[in-house]
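Engineer: Turn this into a structure:
(4 chains)
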Number of protein chains: 2
Amino acid sequence: MLRKRILTGAIRPGSPLREVALARELGISRNTFREAIQALVFDGLVRHAPNRGATVARLGVDDAHDIYTVRRTLELAALERAVASRPADLRPLGDALGELERAAADHDWERLVEADLCFHRRLVDVLGSARLSGFFRTVETQIRLAFSIVAYADREYEHPAPLIEEHRDLFDVILRGQLDVARPMLIEHLAKYERRLVAVLADHEGRQAAEASDAG
Amino acid sequence: MLRKRILTGAIRPGSPLREVALARELGISRNTFREAIQALVFDGLVRHAPNRGATVARLGVDDAHDIYTVRRTLELAALERAVASRPADLRPLGDALGELERAAADHDWERLVEADLCFHRRLVDVLGSARLSGFFRTVETQIRLAFSIVAYADREYEHPAPLIEEHRDLFDVILRGQLDVARPMLIEHLAKYERRLVAVLADHEGRQAAEASDAG
DNA sequence: CTTGACCTATTGTTGAACAACTGTTAGCCT
DNA sequence: AGGCTAACAGTTGTTCAACAATAGGTCAAG
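Structural biologist: You can find the predicted model right below:
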């Protein structure tokens, strides 16, 4: 319940998560609430300071760079394995691409985001490491949090053509095993969305600083 | 307290962690104990099944492969950055190497292991991602757990010369920026210790299977 | 030997209580 | 006025006792 509220923006980044009040509101006990908080801390959705409570994580420009460093590291490593894989092992990747194209055809914004994330998750899955896949999922969750902020600012997904094309091209090149082509392609793809995210978050940080000085 | 007990082998892999009994023994309440368990689950030291409780993680051959996939992925990526870094940014790496050599000179087994882990941790730190560094630390913790099993079986550290030499060579090559030399060096270094760990764990798994069939 | 009904140990969750800590406010002194 | 200290209110950290829900084992009947 908490995760949902945070990811949908019902509870905004920076908001304190008061134990008594929220537990009461969610109809659960304080202890259970605290366990939930702990899980969200490990997801990176919540920050917790001793004796000062938990707040919804506030992702800034630094976090965006960090997150994309993770993505570059894991996805480029996965790419190397992917180009050397048999097509059968890339099936999940292809399925995600199909879903991506169908969602675009339906102009279904939400499914589009979902399929995009799914494609990259399944790329990382190619590495075959449960630990890396699990870790990437936590980062993916944080990307979702970023999206929940960005959603209104970034209209890329209303013109999904280039998004589809980039994934399609990348997948084709992977199937052909052309690592030297795929690498710069993925690097540029990630850099593009990193720039976009950074831009929006920088703007967001600016606004928040302004609001803070207004209030103070 | 729990982490210490697990890493020192005081509580052995596979042992159930009964809430009432252990909380009582540690002098804490069940709720606090459960929060501790949750933290250890995210460290990968403890496995938890709903309604069936928590047990100390039992690392098998699969886990060894998984862990070394993580190490290869992160450390090789870090290597690429490291060879392009200024010497000042590699200072922590050099310090760890120094400590490694001192520990070897003192024949201090424990410090040797610590310095070895520290060297690799600091290599990953070169990536400059708090998330990747944090994730690597959880994997490092799991390596410690593996070591706690292996400790009696693996006497490599009693002849630390090759271990020192490999780290020293790797560091020198990194300083000289020779990625093409450093890469296979690190790959071989990791492969060597993966083989060793896998061998010991395979043996361990064999024994446990034998014991289990003895008991049953 | 299987099936199914109990039984017990254990986990999941709750509610209330209190100690410990934080940030704030009020009052005091200089 | 400015700065220090002390009481304060709110919040978190932790404990305890209780009960519901689940899993695994035991025993009897077939």
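
Engineer: starting at the chain centroid, how far to stretch A:111-121?
Structural biologist: With CA atoms, centre = their mean, to the nearest Å as the basis, stretch A:111-121 stands 9 Å off its chain's centre.

Engineer: Let me know the pLDDT of A:His204.
Structural biologist: At A:His204, the model reports a pLDDT of 84.

Engineer: So the most centrally placed residue in chain A: helix, strand or coil?
Structural biologist: Geometric centre of chain A, nearest residue: A:Ile143, 2.1 Å, by CA atoms, centre = their mean. Put simply, A:Ile143 is helix when judged by DSSP: H, G, I helix; E, B strand; the rest coil.

Engineer: Neighbours of the residue nearest to it when sequence neighbours are not counted, how many?
Structural biologist: Nearest non-adjacent residue to A:Ile143, counting by CB to CB, 6 or more residues apart in numbering or on different chains: A:Ile67, 6.4 Å away. Bear in mind the C-beta positions are built from the backbone N, C-alpha and C, glycine included. For A:Ile67, the neighbour count with other CB atoms under 10 Å in any protein chain shown is 22.

Engineer: Would you check that A:Ile67 makes contact with B:Arg131?
Structural biologist: Yes. Judged on CB atoms under 8 Å, A:Ile67 makes contact with B:Arg131 at a distance of 7.0 Å.

Engineer: Give the intersection of the neighbour lists for the two.
Structural biologist: A:Val139 (CB atoms under 8 Å, 6 or more residues apart in numbering or on different chains).

Engineer: Mind listing what's buried along stretch A:44-58?
Structural biologist: A:44-47, A:54-58 (16 or more other CB atoms under 10 Å in any protein chain shown).

Engineer: Can you tell me which of these lies closest to DNA strand C?
Structural biologist: A:Thr55 (12.2 Å; CB to the nearest atom of the strand).

Engineer: show me where chain A has strands.
Structural biologist: A:46-49, A:53-56 (DSSP state E).

Engineer: sorry, back to before: which members of the buried residues of stretch A:44-58 additionally contact chain B?
Structural biologist: Among the buried residues of stretch A:44-58, the residues that sit close to chain B (CB under 8 Å from any CB of the partner chain) are A:Gly44.

Engineer: got TSV for the buried residues of stretch A:44-58, with pLDDT and distance to A:Val198 too?
Structural biologist: Formatted as TSV, the buried residues of stretch A:44-58 follow (pLDDT from 0 to 100; distance: CB to CB, whole Å):
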residue	pLDDT	distance to A:Val198
A:Gly44	97	18
A:Leu45	98	20
A:Val46	98	23
A:Arg47	98	20
A:Ala54	98	26
A:Thr55	98	22
A:Val56	98	20
A:Ala57	97	17
A:Arg58	94	15
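
Engineer: Just give me the closest of the buried residues of stretch A:44-58 to A:Asp125.
Structural biologist: A:Asp125 lies nearest to A:Gly44 out of the buried residues of stretch A:44-58, by CB to CB, at 19.7 Å.

Engineer: For burial, what's the neighbour tally of the nearest residue to A:Leu22 once chain neighbours are set aside?
Structural biologist: For A:Leu22, ignoring the flanking residues on the chain, the nearest one in space by CB to CB, 6+ apart is A:Phe33 at 6.4 Å. A:Phe33 sits with 23 neighbouring residues when counted by other CB under 10 Å.

Engineer: Am I right that A:Phe33 is in contact with A:Ala21?
Structural biologist: No. Assessed by CB under 8 Å, A:Phe33 is found out of contact with A:Ala21, at 10.0 Å.

Engineer: number of nearby residues for A:Glu165?
Structural biologist: Other residues close to A:Glu165 by other CB under 10 Å number 10.

Engineer: How about A:Leu197?
Structural biologist: For A:Leu197, using other CB under 10 Å, the count is 23.
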